Structure formats: structure tokens, C-alpha cells
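Engineer: Let's see this in three dimensions:
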Amino acid sequence: MKSKILVYLSAMVMLAFTEANSQTNMFLSNPEALKVFQGDYNPSHYRPLTVIDQPDSVRMGIIRGVDQSEQIRLLTKLETFHNRNSGSDTLSLSTGIGACRTWILSCFDQVSKNSNNRLVTGYLEFDADICSKGHHKNPFALLPGMDTSNHEILVIEGHFDTRNEGRCDTVGYTPGIDDNGSGTVLVMELARVMSKYSFRHTILFTTPTGEDEGLFGAKAWAEFLSSKGVKIRTVLNNDIVGGIYCGKTSSPPSCPYCGHVDSTHVRVFSYSSGNNPYANSAHKQLARYMKYVQEELINPHISAPLIINIMLGEDRTGRGGDHTPFRQKGYTAVRIISANEHGNGTGKAPDRNHTTMDVLGKDINADGILDSLFVNPGYLARNTILNGVVAGLLASAPEKISSTMEVKSDGVVVHLPEGYVNADRIIIGVRKQNSNSLEFDTIFKVNRADKFLVRLSIGQKNYISIAPLREGAPGLFSDEYEIILSDIDPEKTHRQP
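Structural biologist: Now for the predicted structure:
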């Protein structure tokens, strides 16, 4: 009970602090980036020397291209910055938040150089009072899309700041390797891997600051992009995505007991609209889409399959993350986090999160070589692949389908928009509400047609949604429709609120 009270009080303090301090004076250090965000650019300026844009080729390239050793190398470097608190040193060339963000941007710059200068890099800068520092920077890299006719971007993010038990400990050792070095290097590695390919839509790779003090960097992004009228198809927030060990006080809903190991599952948290947590929302539909992609298009091609657990809430009890500011601005967003978390964020030993113990691993025999790693390279790589494939497919997939449904005695007839030709096939997801399942119970495909029948059982409440499939790239699922077939007359269908 005491730990729950501490978490609750911590959350209330952070909320009060966040409400009292807002981001101002937001601007991009690179003016070219705004033109890309708004679709005001010539795509040919960012075309690679060799165009690889077929969804299946891109998908397999991402699966095979993520390099575990490269991510460990990046994590090893992150550990050298000593303290990445948002209020830490900005003048040193080797330690502190300033040196770290300079290094991240230099890595993005090098990736761009290696890919024929395809990336547009820089900082989103903003003013906010965070631990006595007033000016802050979110490093980013933009991969411009090849089609500006219907400009939506995709966001892959993972905050790079850290903290200890003391919220404004700006001098102590705060390695933050799992929280959130793992999410940081996931973003950096995907910028490298995905810069080899071409996508219809622009992808933003960013490592926001200020998450541990109140989601400041993500709030700056959400506010800035919203104010500029930038459309976002999907936000994938990665925070604590490499650890596999359960801590003593891991925030629920989480791991079963201290010391439990799980390298095969990952949690996806997302917001549910309305009073019913099982109700439909675009965020839950994104989580279901991710599970579909992982099971159908990734797991058959990797040696250790990854299982996605779709979670009920938007985040763990009393906790928050950088996906929430985007959701609050009307953008579709989820949080991806390890199945096992090593602590509840209070920074109390023996948990590692928010402590000096959140390091890469241990050198047990003092030979200068790490004998055990707290961040599992294979697990981090699988989560990286998940992000890359989902974002890569959605960056080339058709838009959601807006359809109508006609209830019959034996099922529902789905009517596509008149003359619809934007897909080769249609994916149908069916969810049965009486089991309170967050996942699709049945998924199947049909050839595109003006209309088609989905057979359902009488007396069973079902939720039906559809997604387009074109050239191997599935689009997002539509809003769900609630369908109940009566043995007397079919009840009228209606869209979930």
C-alpha cells in the first residue's frame, strides 16, 4: 500500500508541475523541416540512388537489417554521458544532457550522409522551466515521403532524458539504460535502417527530452505539429523496451513476481474512448493492427516470435508516457513497453529504474567485459523490428476505409464506398464482446468487391472492422461496428462512440 501511495503522490506532483509549466517559444532549428512536415517540398530531392519501395521488400529489409550489436554500441555510448536529466549540464562536450543531444543529432547526421543526404535533421527547441533549465531541445530526423498529395506523417519516438530518485538530481550518475536508453537507441537504429527505403509518407524519428519531469518534449512536439496543421497517421512511443527482468515493485498491470523473466511478450498501452474501457478507439485499433502485423508478417520470419499483449488502460497504474500528449491533440498514439519492468519509478532499491543501477550490465569477474546484460539485445531488436515494420507498412498503406454495414439474418453485408479501388483485398476483424476481449477473435481476408457478407452467430454481440490491403501493405482498421443478430429480427447496427 505504501508504494502505491508514493506512486500516486508522485503522479499528482508531476501533474501539478506540468500544468504550472508550459512550453513556449517553440521552433525548428532547421527551417527545411517545416516544409517537409507540411508537405511543401519536391520528393525527388530526397529520392535514394536505388529505390526500394515494395512493401514486402521493405518489410524483410527491416527484419533483416536491425543490428543488435549496433544497438549495444549505442547503449554503451549513452552510458558515458553520466547524467541525462533535462536540467543537467549543457556546456560540457562529454557529459550531461547537452553533450548527449549533440551526439544523437550527430548520429542522425551521419545516417543522412550515408544515405545520400535523404534525412532532414535538427532540433525542435522550446522554453520550459525544467529543473532550473529554461531552454530545451528534441533531436530529430525526418525521412521525407515520396508522395505529398495526401500528406500524413508517422512518428517513432523514445525519450532520451533520465532521472534518479531525486527528480532534479542533475549531477549524480543517471545511466538510464533501459529507461529509456532502450527506446532511444531503438529510434536511432530505425533511422539508420529505414533510410535505405522509400515510403509514401514522411517518418519522424525523434528522441524527446523532459519525459521524466512531465512529458515536456512530447508535449512540445504535439503542440507544435498541431499548431502547424500537420496530420499524423500514427505515433509509436517506445519507453522501456529492452529489459526482461521483473522488479520488486513493478507498476501494475505488469509482471507476476520479482525476478520473473520474459523476453517473448511486449505490452501495448492505448486509450479507450467513452466509459467502457473495452470500447472502440482509434488507439485500440492501432494496437490490434500491430498485433496482426506481428503475428502475420513478422513472426514467421524471426527465430524467436514476439507476442503482443494489448493492455486495457492508456498506461500503467499511476504512470504516464509521451504518447498521451499526442492523443490529447487528437492524434492516434500507443505506448510500447516491455512485459517486465524493473521498478515503479520511485527510484528505490532494489529496483533499477530511476536509479544509478539502471546500467547496461555487470562485469562479474572484473575483466573489463560485461558478463550479463540487463537490456537483452535480442528482445530489444525484436521490439525495434515491430516498430519498423508497423511504421514502414503504414507509411505506404492506403487510408482507412469508410464503409456502411447492412444487418441480415445470418450476418452483415459490408458495403464499400462506390467505385472503391484503393485496395487489392479487404481484411475483416471480428471481436466478440461477451468475452471482454481486447483482441480480434477472428481475422480473415476477402477479395475486394462492392459488397460482401460476413456471417455471424445469432445472439452474439460482435464488433466488426475492416482494413484495406494493397500490394502487401495493410492499412489501419476502421472504427468498429456493433452487430447483434436476433433470432427474430436483426438489430440495427451502429458505430461505436
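Engineer: mind listing the helices for the stretch 101-250 of the chain?
Structural biologist: Assigned by DSSP state H, counting those that start in this stretch, the stretch 101-250 of the chain shows helices spanning 182-194, 216-227.
Engineer: which stretch among those comes nearest residue 485?
Structural biologist: Residue 485 lies closest to helix 216-227 among these, at 41.4 Å (Cβ to Cβ). All C-beta spots, glycine's among them, are computed from the backbone N, C-alpha and C.
Engineer: Flag every buried residue along that closest one.
Structural biologist: 216-226 (16 or more other Cβ atoms under 10 Å).
Engineer: Adding distance to residue 300 and pLDDT, write the residues you listed out as a markdown table.
Structural biologist: Formatted as a markdown table, the buried residues of helix 216-227 follow (distance: Cβ to Cβ, whole Å; pLDDT from 0 to 100):
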| residue | distance to residue 300 | pLDDT |
| --- | --- | --- |
| 216 | 41 | 98 |
| 217 | 36 | 98 |
| 218 | 34 | 98 |
| 219 | 39 | 98 |
| 220 | 40 | 98 |
| 221 | 35 | 98 |
| 222 | 36 | 98 |
| 223 | 41 | 98 |
| 224 | 39 | 98 |
| 225 | 35 | 98 |
| 226 | 38 | 98 |
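Engineer: which one of these is nearest residue 362?
Structural biologist: Of the buried residues of helix 216-227, the one sitting nearest to residue 362 (Cβ to Cβ) turns out to be residue 217, at 30.9 Å.
Engineer: and the chain, what are its domains?
Structural biologist: As given by automatic domain parsing, the domain ranges for the chain are 2-394, 404-495.
Engineer: which one of those has the most crowded surroundings?
Structural biologist: A comparison of those by mean neighbour count, using mean count of other Cβ atoms under 10 Å, puts domain 2-394 on top with a mean of 20.
Engineer: roughly how far out does that domain sit from the chain middle?
Structural biologist: Relative to its chain's centre, domain 2-394 lies at 7 Å (Cα atoms, centre = their mean, to the nearest Å).
Engineer: follow-up on the earlier one: now render the buried residues of helix 216-227 as a markdown table, adding distance to residue 260.
Structural biologist: Compiled in a markdown table, the buried residues of helix 216-227 are given as follows (distance: Cβ to Cβ, whole Å):
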| residue | distance to residue 260 |
| --- | --- |
| 216 | 33 |
| 217 | 32 |
| 218 | 30 |
| 219 | 34 |
| 220 | 36 |
| 221 | 34 |
| 222 | 34 |
| 223 | 39 |
| 224 | 40 |
| 225 | 39 |
| 226 | 40 |
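Engineer: Please identify which of the helices of the stretch 101-250 of the chain is closest to residue 387.
Structural biologist: helix 182-194 (6.2 Å).
Engineer: I'd like to know which elements the closest one is packed against.
Structural biologist: helix 55-65, helix 68-79, helix 96-114, strand 133-143, strand 152-157, strand 202-206, strand 231-238, helix 377-394 (3 or more Cβ pairs under 8 Å, 6 or more residues apart in numbering; DSSP states H and E).
Engineer: State the distance from the closest residue to residue 22 other than its chain neighbours to residue 46.
Structural biologist: Nearest non-adjacent residue to residue 22, counting by Cβ to Cβ, 6 or more residues apart in numbering: residue 128, 6.9 Å away. Separation of residue 128 from residue 46 (Cβ to Cβ, to the nearest Å) stands at 32 Å.
Engineer: Could you give the bridge partners of the residue nearest the centre of the chain?
Structural biologist: By Cα atoms, centre = their mean, the chain has its centre lying nearest to residue 236, at 1.8 Å. As for beta bridges, residue 236 partners with residue 156, residue 334 under DSSP bridges.
Engineer: contacting residues for residue 76?
Structural biologist: Residue 76 sits next to residue 360 when contact means Cβ atoms under 8 Å, 6 or more residues apart in numbering.
Engineer: For it, give its distance to residue 177.
Structural biologist: 9 Å.
Engineer: again with residue 148
Structural biologist: 39 Å.
Engineer: sorry, back to before: out of the domains of the chain, which gets the lowest mean score?
Structural biologist: Ranked by mean pLDDT, the domains of the chain bottom out at domain 404-495, with a mean of 87.
Engineer: For residue 455, give its distance to residue 485.
Structural biologist: Counting by Cβ to Cβ, the gap from residue 455 to residue 485 is 10 Å.
Engineer: got any residues that touch both of the two?
Structural biologist: Residues within reach of residue 455 and of residue 485 at once, by Cβ under 8 Å, 6+ apart, are 410-411.
Engineer: Report the contact partners of the residue nearest to the centre of the chain.
Structural biologist: The neighbours of residue 236, taking Cβ under 8 Å, 6+ apart as the test, are 154-157, 333-334, 336, 387, 390-391.
Engineer: got it, and residue 337?
Structural biologist: Going by Cβ under 8 Å, 6+ apart, residue 337 touches 238-241, 266-267, 269, 316, 321.
Engineer: try it again with 7 Å
Structural biologist: 239-241, 267, 269 (Cβ atoms under 7 Å, 6 or more residues apart in numbering).
Engineer: could you dump these to a markdown table with distance to residue 344?
Structural biologist: Listed next are those as a markdown table, based on distance: Cβ to Cβ, whole Å:
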| residue | distance to residue 344 |
| --- | --- |
| 239 | 14 |
| 240 | 12 |
| 241 | 18 |
| 267 | 15 |
| 269 | 15 |
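Engineer: Got the phi and psi for the nearest residue to residue 249 once chain neighbours are set aside?
Structural biologist: The shortest distance from residue 249 to any non-neighbouring residue, by Cβ to Cβ, 6+ apart, is to residue 344 (4.4 Å). For residue 344, the backbone dihedrals are phi -110, psi 10 (criterion: degrees, to the nearest 10).
Engineer: do residue 285 as well
Structural biologist: The phi/psi pair for residue 285 (degrees, to the nearest 10) is phi -70, psi -30.
Engineer: How about residue 443?
Structural biologist: Dihedral angles (degrees, to the nearest 10) for residue 443: phi -130, psi 130.
Engineer: Name the helix or strand for the residue lying closest to it once chain neighbours are set aside, please.
Structural biologist: Nearest residue to residue 443, sequence neighbours excluded (Cβ to Cβ, 6+ apart): residue 429, at 5.2 Å. Assigned by DSSP states H and E, residue 429 belongs to strand 425-432.
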